[in-house]
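Trainee: What shape does this take:
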Amino acid sequence: MNPLHRRRLLAVLSSAAIAPALFSGSAHAQNATAGYPARPIKVVVAWSPGGATDLLARTVAIELGKQLGQQVVVDNRPGANGTIGHAQVANAPADGYTLVLATNSTYAIAQHLYKSLPYQQERDLAPIALLAASPLILAVRPGLDVRSVQDLLDLARKAPGKLNIASGGNGSTSHLAAELFMSLTGTTFTHVPYKGGGPATQAVAANEVDAAFLDLGVAVPFATSGRLRAIGVTGNARSAQLPDVPTVSQSGVPAFESTTTFAMFAPAATPKPVIDRLAAAVTASMNQPDLRDKLQRQGVEIVNAGPEALAKSVTTESTKWGAIIRDRHISLD
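Mentor: Now for the predicted structure:
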């Protein structure tokens, strides 16, 4: 056989070999979504019950279950700034039945706090949707003679380190908000970490700690009933839930802004058709008027963006908080 005929024959045989493989890959992708979901889906929340992430997850899970035609169950796995639950999902079967609803404290901040993690965010977890965002409130215990951010700063400067400030855990957004606050104001507070925003809120209300940056949705009922005093909101605008409370920026710390963002991820090898199905279901869920109204009453701002927007948000948030962690020399190892 001359060389030209030989090359043509090899090309034909190669094409014949590739075609079944392409068909097999396409068939595999179709099989991945055929009948999906066929059983209940578990959404891991890597924080304690009662916090903002838990409340959001339980609200969304009900509507998401309706969209998918299967029950969506919330499973709390708190600890280590959310990384324990995050790692469990990263190592779960990539079949769309185990997801994580996480905050930026885990998906964008944790990697800068720990020298080693049992997973890598971008390698091991696939973005599904950026659901929502929520500012925090700076609150003080009811027994502390503080009525404003400036009052708190004056008191802190008189005795550096004497006042303590709680958070939802080491490396949480509430912890990083406190670090940013201290950095911008030149003050020193003693950090007291709790296992979630719910316990931190209870601690402020019980006069166990002096102050804290707290999840707005969790803390508003405590603030409106007088069980703690809200003196600042961490977003760029006042909250409709607490219209008389100025932002921290308006209160003399102009460069201050800190927001908790909430997002959903799946194990990285989850087939794209499954990711697309989940993303569409989340979008439909977040567009339901009743759900939107309920979350907005809790001070949660609907974002409702898909996988690509979430991937960009991960990068942006990681860059911002990574710089603060380096400047403050924070490490959890």
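Trainee: Same question for the helix or strand where Leu131 lies: list its buried residues.
Mentor: Element membership of Leu131, judged by DSSP states H and E, is strand 125-140. Using 16 or more other CB atoms under 10 Å as the test for burial, strand 125-140 gives 125-140. In short, each C-beta sits where N, CA and C put it, glycine included.
Trainee: Run through the helices of the protein in chain order.
Mentor: Ranges of helices in the chain, per DSSP state H, are 3-33, 52-68, 83-90, 104, 110-113, 121-124, 149-158, 173-185, 197-205, 216-224, 272-286, 289-297, 307-328.
Trainee: Out of these, which one sits most buried?
Mentor: helix 104 (a mean of 27; mean count of other CB atoms under 10 Å).
Trainee: which secondary structure elements does that helix contact?
Mentor: Judged by 3 or more CB pairs under 8 Å, 6 or more residues apart in numbering; DSSP states H and E, the packing partners of helix 104 are strand 259-267, helix 307-328.
Trainee: if I pick the residue nearest to Arg141 when sequence neighbours are not counted, what's in contact with it?
Mentor: Leaving aside its sequence neighbours, Arg141 sits nearest to Asn207 (CB to CB, 6 or more residues apart in numbering; 4.6 Å). Residues in contact with Asn207 (CB atoms under 8 Å, 6 or more residues apart in numbering) are Arg141, Pro142, Gly143.
Trainee: hmm, back to that, need the helices of the chain in CSV with mean pLDDT, can you?
Mentor: Converted to CSV, these look like this (pLDDT from 0 to 100):
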stretch, mean pLDDT
helix 3-33, 49
helix 52-68, 94
helix 83-90, 96
helix 104, 93
helix 110-113, 92
helix 121-124, 95
helix 149-158, 97
helix 173-185, 95
helix 197-205, 94
helix 216-224, 91
helix 272-286, 97
helix 289-297, 91
helix 307-328, 94
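Trainee: How about Thr83, nearest residue that isn't a chain neighbour?
Mentor: Excluding the flanking residues, the one nearest Thr83 by CB to CB, 6+ apart is Ala110, at 5.2 Å.
Trainee: hang on, the one you found packs against Ile84?
Mentor: No - using CB atoms under 8 Å, Ala110 is not in contact with Ile84; the gap is 10.6 Å.
Trainee: For Ile41, see how far away Leu295 is.
Mentor: 20 Å (CB to CB, to the nearest Å).
Trainee: What of Asn81?
Mentor: The gap separating Asn81 from Ile41 is 24 Å, by CB to CB.
Trainee: rewinding a little: reformat the helices and strands packed on helix 104 as CSV; add distance to Met182.
Mentor: Formatted as CSV, those follow (distance: least, CB to CB, whole Å):
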stretch, distance to Met182
strand 259-267, 18
helix 307-328, 8
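Trainee: out of these, nearest to Asn164?
Mentor: Closest approach to Asn164 among the helices and strands packed on helix 104 is made by helix 307-328 (17.1 Å; CB to CB).
Trainee: Great, nothing more from me.
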